[in-house]
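1. Need coordinates for the below:
(chains A and B)
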Amino acid sequence: MAAAITLAADTPALSSADTGFMLICSALVMLMTPGLAFFYGGMVRVKSTLNMLMMSFISLGIVTILWVLYGFSVAFGTDKGSLIGWDGDFVGLSGIGLTQLWDGYTIPVYVFAVFQLMFAVITPALISGALADRVKFTAWAAFIALWVTLVYFPVAHWVWGAGGWAFELGVIDFAGGTAVHINAGAAALGVILVIGKRVGFKKDPMRPHSLPWTMLGAGLLWFGWFGFNAGSWLGNGDGVGALMFVNTQVATAAAMLAWLAYEKVRHGAVTSLGAASGAVAGLVAITPSGGSCSPLGAIAIGAIAGVLCAMAVGLKYKFGYDDSLDVVGVHLVGGILGSVLIGFFATGGGQSTAKGLFYGGGLDQLWKQLAGVGGVLAYSLVVSAILAFALDKTIGMRVSEDDEVAGIDQAEHAETAYDFSGAGGGIAARSAVPAPVAQDSQKVDA
Amino acid sequence: MKLITAVVKPHRLDEIKEALQAFGVQGLTVTEASGYGRQRGHTEVYRGAEYTVDLVPKIRIEVLVEDEDSDQLVEVVVKAARTGKIGDGKVWAVPVETAVRVRTGERGPDAL
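-> As a prediction, this is how the structure comes out:
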């Protein structure tokens, strides 16, 4: 994805087909955020279900506004020192013509901007899975606003903006393994190292309250991911988008099967949570790599991610950090795997001509990928930890221990996910029936 | 009088009810319960984290009977509740001093 709004002499004409395809892809990516909310929402306990949903949903509000105001300009405006972009016409999306095309493509700038907006929305939502049950909602909202401003918008420029250091170095990130998944996973790790563990971590059982929700969410993510991945070639008709679609499907299938096989060997059972998690791990891993590997390479990348991510989710118990829903284990580890494996599996026949180690390319692409991974990981981890620390010292990041134990839904949202008054709360439910309103009584009297 | 209490697998409720009716029992009380016996509960695995679920769902059935029916009724319940697998539950009988039918005030065996 190249930046710069200037129209080159050979700029292709606007294509209705490409534009329509990209609008649909944008809508598919939008669906991933509520899908993620279901994926995460099913994995938490009953008492914090709504909070988990809201942590994703609020991103649709906050990030959308900031993206239009200045985010698009920072991410995809004219490069400033390889670190950020800026373009006055992008501020408020105010200086853009209806039929003005995105540089080198057949789709309007507006379409590119809205497609990229959906990536910006889901990335902070991914972080929320690590923070389940314990973060003040206002602090989370402030974190999202600051994090996209200081981390996501610049990192998107590094990776995808013309002039960004990773882009210029030749780091391959087809649809966001670096900018989205490593970025979110590293941020999650940075924040949880600051805010600490849930009350009862490693002591109380914290079983998922609705695995059907989690399966539904994983299914929606898988579906939306076709827009995320295949759409990232921006409707360009040279077949790479179609290759990406195929690779997305096969890597995800391979990762699910690999995770389940690992589970069967290691724990003796084939679980639904494992199937959902394996699928997401495969989707994450193929995101950066799917435009540059073959379908057989995608199967290998998916299978590797399925097994290693299944192993990685246990790291939190080993090292004692409370990554509630395994954002580090799935997104950070899966993102790193997908990005680094490009250095092995790139065929030179897809998104770029760069070849990986297995295709005679030597170590050249591998070290570039490692540089991209390392740079984004370190920046996101450090800045996110500093942001969490600053918010904790000012408005406070965590709810009180009492509220956490009683349930964050009630404390932060004055709601609960389910009405259990029919089961065991019969007396309370009867006394809570509202008295008939005065008007009705008068009608009866009359 | 005796109070027969059975804590058994929920899916055996219908068989036990039918057996009690066939025996001539007029009324019973059923409550949802949870618990474990000698073999404890079961293990669940979530992303590799194993949780031991000790308290498994049970039902608790209570029946008041006259002394002379007690032993036979315990056998009836045990037979109807048995699956032969782990977790079939327990049945026991305890003496009851008084029973009163609330509607009429009848006492003792007349209240059953």
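
2. going forward, measure contacts and count neighbours with C-alpha atoms only.
-> OK.

3. And the helices in the stretch 201-350 of chain A, which stretches?
-> A:211-230, A:240-267, A:272-289, A:295-312, A:315-319, A:327, A:333-345 (DSSP state H, counting those that start in this stretch).

4. okay if I get those helices as JSON lines plus mean neighbour count?
-> Output for those, formatted as JSON lines (neighbours: other Cα atoms under 10 Å in any protein chain shown):
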{"stretch": "helix A:211-230", "mean neighbour count": "23"}
{"stretch": "helix A:240-267", "mean neighbour count": "23"}
{"stretch": "helix A:272-289", "mean neighbour count": "30"}
{"stretch": "helix A:295-312", "mean neighbour count": "25"}
{"stretch": "helix A:315-319", "mean neighbour count": "12"}
{"stretch": "helix A:327", "mean neighbour count": "26"}
{"stretch": "helix A:333-345", "mean neighbour count": "29"}
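
5. A:Ser128: which of these is closest?
-> helix A:327 (8.3 Å; Cα to Cα).

6. roughly how far is that closest one from the heart of the chain?
-> Helix A:327 has its C-alpha centroid displaced from the chain centroid by 10 Å (Cα atoms, centre = their mean, to the nearest Å).

7. Next, see if that helix gets close to chain B.
-> No. Helix A:327 stays clear of chain B (Cα under 8 Å from any Cα of the partner chain), getting no nearer than 12.6 Å.

8. So which residues make contact with the helix-or-strand element of chain B with minimal mean pLDDT?
-> The weakest-scoring helix or strand in chain B, judged by mean pLDDT, DSSP states H and E, is strand B:49-53 (a mean of 84). Residues from elsewhere that reach strand B:49-53 (Cα atoms under 8 Å, 6 or more residues apart in numbering or on different chains): A:Pro205, A:Gly314, B:Gly41, B:His42, B:Thr43, B:Glu44, B:Val45.

9. can you tell me which residues contact the first one?
-> When you say that, I think you mean A:Pro205. By Cα under 8 Å, 6+ apart, the contact set of A:Pro205 is B:Tyr51.

10. Over to it: give its phi and psi.
-> The phi and psi values for A:Pro205, taken as degrees, to the nearest 10, are phi -70, psi 130.

11. coming back round to it: next, format the helices of the stretch 201-350 of chain A as TSV and append mean pLDDT.
-> As requested, the helices of the stretch 201-350 of chain A are arranged in TSV below (pLDDT from 0 to 100):
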stretch	mean pLDDT
helix A:211-230	98
helix A:240-267	97
helix A:272-289	98
helix A:295-312	98
helix A:315-319	93
helix A:327	98
helix A:333-345	97
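
12. of these, which approaches A:Gly372 most closely?
-> That would be helix A:333-345 among those, by Cα to Cα, at 8.5 Å.

13. what angle sits between whichever helix or strand comes after the closest one and helix A:333-345?
-> As assigned by DSSP states H and E, the chain's next helix or strand after helix A:333-345 is helix A:364-394. Interaxial angle, helix A:364-394 versus helix A:333-345 (axes from the mean of the first three to the mean of the last three Cα atoms, to 10 degrees): 160 degrees.

14. helices and strands around helix A:364-394, which ones?
-> If contacts are counted by 3 or more Cα pairs under 8 Å, 6 or more residues apart in numbering or on different chains; DSSP states H and E, helix A:364-394 sits against helix A:137-147, helix A:183-195, helix A:333-345.

15. can we see that at 7 Å?
-> If you count contacts as 3 or more Cα pairs under 7 Å, 6 or more residues apart in numbering or on different chains; DSSP states H and E, helix A:364-394 packs onto helix A:183-195, helix A:333-345.

16. related to what we said a few turns ago, can you tell me the strand partners of the least confident helix or strand of chain B and which way each runs?
-> For strand B:49-53, the paired strands and their directions (DSSP bridges) read strand B:42-46 (antiparallel).

17. Let's see the strand it pairs with as CSV, backbone CA atoms only.
-> What follows is strand B:42-46, C-alpha atoms only, in CSV (Å, rounded to 0.1, in the frame of the first residue of the first chain):
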residue,chain,number,x,y,z
HIS,B,42,-14.3,-34.1,36.6
THR,B,43,-11.5,-32.1,34.8
GLU,B,44,-12.1,-29.5,32.1
VAL,B,45,-9.3,-28.0,29.9
TYR,B,46,-9.3,-24.4,28.6
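
18. picking that back up, can I get the helices and strands packed on helix A:364-394 in TSV with distance to chain B?
-> Converted to TSV, these look like this (distance: least, Cα to the nearest Cα, whole Å):
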stretch	distance to chain B
helix A:183-195	18
helix A:333-345	15
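
19. Quick check: which element contains A:Leu66?
-> helix A:49-66.

20. Number of residues surrounding the closest residue to chain B within the stretch 51-200 of chain A?
-> Residue of the stretch 51-200 of chain A nearest chain B, by Cα to the nearest Cα: A:Gly200 (13.8 Å). Number of residues near A:Gly200 (other Cα atoms under 10 Å in any protein chain shown) recorded here: 10.

21. Which of the three states applies to it?
-> For A:Gly200, the secondary-structure state derived from DSSP: H, G, I helix; E, B strand; the rest coil is coil.

22. Model confidence score at it, please.
-> We have a pLDDT of 91 for A:Gly200.

23. Not counting its neighbours along the chain, what's nearest B:Val30?
-> Computed as Cα to Cα, 6 or more residues apart in numbering or on different chains, the closest residue to B:Val30 that is not its neighbour in sequence is B:Ile61, at 4.6 Å.

24. Surely the one you found forms part of a helix?
-> No. B:Ile61: not assigned to a helix; according to three-state DSSP it is strand.

25. Please work out how many residues are found near it.
-> Neighbour number of B:Ile61 under other Cα under 10 Å is 21.

26. tell me the contacts of A:Gly164?
-> Taking Cα atoms under 7 Å, 6 or more residues apart in numbering or on different chains, we find A:Gly164 in contact with A:Asp79, A:Ser82, A:Leu83, A:His157, A:Trp158.

27. I'd like to know how far it sits from A:Met52.
-> A:Gly164 sits 34 Å away from A:Met52, going by Cα to Cα, to the nearest Å.

28. sorry, back to before: packing partners of the helix holding A:Leu66?
-> helix A:16-41, helix A:109-127.

29. Name the residues of chain B found near chain A, please.
-> Residues of chain B lying near chain A by Cα under 7 Å from any Cα of the partner chain: B:Tyr46, B:Arg47, B:Gly48, B:Tyr51.

30. Could you rerun that using 10 Å?
-> Residues of chain B found near chain A (Cα under 10 Å from any Cα of the partner chain) are B:Glu44, B:Val45, B:Tyr46, B:Arg47, B:Gly48, B:Ala49, B:Glu50, B:Tyr51, B:Thr52, B:Val53.

31. Of the residues you listed, which is the most crowded?
-> When neighbours are counted by other Cα under 10 Å, B:Arg47 leads the residues of chain B next to chain A with 20 neighbours.

32. What separation is there between it and A:Gly314?
-> From B:Arg47 over to A:Gly314 (counting by Cα to Cα), the distance is 8 Å.

33. I figured the residue of the stretch 51-200 of chain A closest to chain B hits A:Met206, correct?
-> Yes. Assessed by Cα atoms under 10 Å, A:Gly200 is found in contact with A:Met206 at 8.7 Å.

34. so where do the strands sit in chain B?
-> Ranges of strands within chain B are B:2-8, B:29-35, B:42-46, B:49-53, B:56-65, B:89-95, based on DSSP state E.
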